[in-house]
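*Asks:* Need the 3D shape of this:
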Amino acid sequence: MSRIGKKEIIIPNNTDININHNQILVKGPKGSLSYEFSYLVKVEKINNKIQISKLQQTKKSREIYGLSRSIINNMIIGVSQGFEKKLIIQGVGYRSQLEGKNLILNVGYSHPIQIEPPENIEIKVENSTLIRISGINKETVGQIASKIRSTRPPEPYKGKGIRYDNEYVRRKVGKAGK
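*Replies:* This next block holds a predicted model:
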């Protein structure tokens, strides 16, 4: 049974929410997002709170119950505060730079890697080894961060590569010399 779905979502003062049939539209100072939720759940706006309830007692409705609540909560946080991920580049000669809106990575390959962000995502590069990805949609921020990290994930022997800010890479011991 989902305990997440039972929690009410408190709406901040600077956000507007419109619910039409099976669609919710959230507008805030950073932008607007919409989500089409399932017919198995009911979303109600009561004063400055959102309450989600199941319409059926099936396994599928229980699954969607908590998911819908999490997605709507992330939308409200995104349009009011936004989301941010930080990536750190480690390695000799590894660096990044911005060319327009595109991110150019030089991470040990014979060619630079170019990553083009979606329209609502903003990428900032600080001192060529710190990349900040920010936006209003938590899912796309995480996907772009994952895409950048997957170009050169950290390796366990020297720790070279691209890692998340709070990621710990377990180091292995190399070969023992004779």
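*Asks:* Which elements pack onto the biggest helix by length in the chain?
*Replies:* Using DSSP state H to assign secondary structure, the helix with the most residues in the chain is helix 59-80. Other elements packing on helix 59-80 under the criterion 3 or more Cβ pairs under 8 Å, 6 or more residues apart in numbering; DSSP states H and E are strand 9-10, strand 23-28, strand 31-36, strand 41-46, strand 49-54, helix 138-151. C-beta coordinates here come from the backbone N, C-alpha and C atoms, glycine included.
*Asks:* Most tightly packed of these?
*Replies:* With neighbours defined as mean count of other Cβ atoms under 10 Å, the helices and strands packed on helix 59-80 peak in mean count at strand 23-28, which reaches a mean of 18.
*Asks:* Which strands or helices does that strand pack on?
*Replies:* Against strand 23-28 (3+ Cβ pairs under 8 Å, 6+ apart) you get strand 16-20, strand 31-36, helix 59-80.
*Asks:* could you redo those as CSV and give each row distance to Gln51?
*Replies:* Formatted as CSV, those follow (distance: least, Cβ to Cβ, whole Å):
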stretch, distance to Gln51
strand 16-20, 11
strand 31-36, 16
helix 59-80, 9
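*Asks:* Go through the ones you listed and name the closest to Pro153.
*Replies:* Distance to Pro153, taken as Cβ to Cβ, is lowest for helix 59-80 among the helices and strands packed on strand 23-28, at 25.5 Å.
*Asks:* Reformat the helices and strands packed on strand 23-28 as a markdown table; add distance to Glu126 and mean pLDDT.
*Replies:* Converted to a markdown table, the helices and strands packed on strand 23-28 look like this (distance: least, Cβ to Cβ, whole Å; pLDDT from 0 to 100):
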| stretch | distance to Glu126 | mean pLDDT |
| --- | --- | --- |
| strand 16-20 | 34 | 92 |
| strand 31-36 | 24 | 92 |
| helix 59-80 | 23 | 91 |
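*Asks:* Of these, which stretch is the most buried?
*Replies:* Among the helices and strands packed on strand 23-28, the stretch with the highest mean neighbour count (mean count of other Cβ under 10 Å) is helix 59-80, at a mean of 18.
*Asks:* Go through the helix or strand that it is followed by and flag the buried ones.
*Replies:* As assigned by DSSP states H and E, the chain's next helix or strand after helix 59-80 is strand 83-90. Across strand 83-90, burial judged by 16 or more other Cβ atoms under 10 Å covers 83, 85-87, 89.
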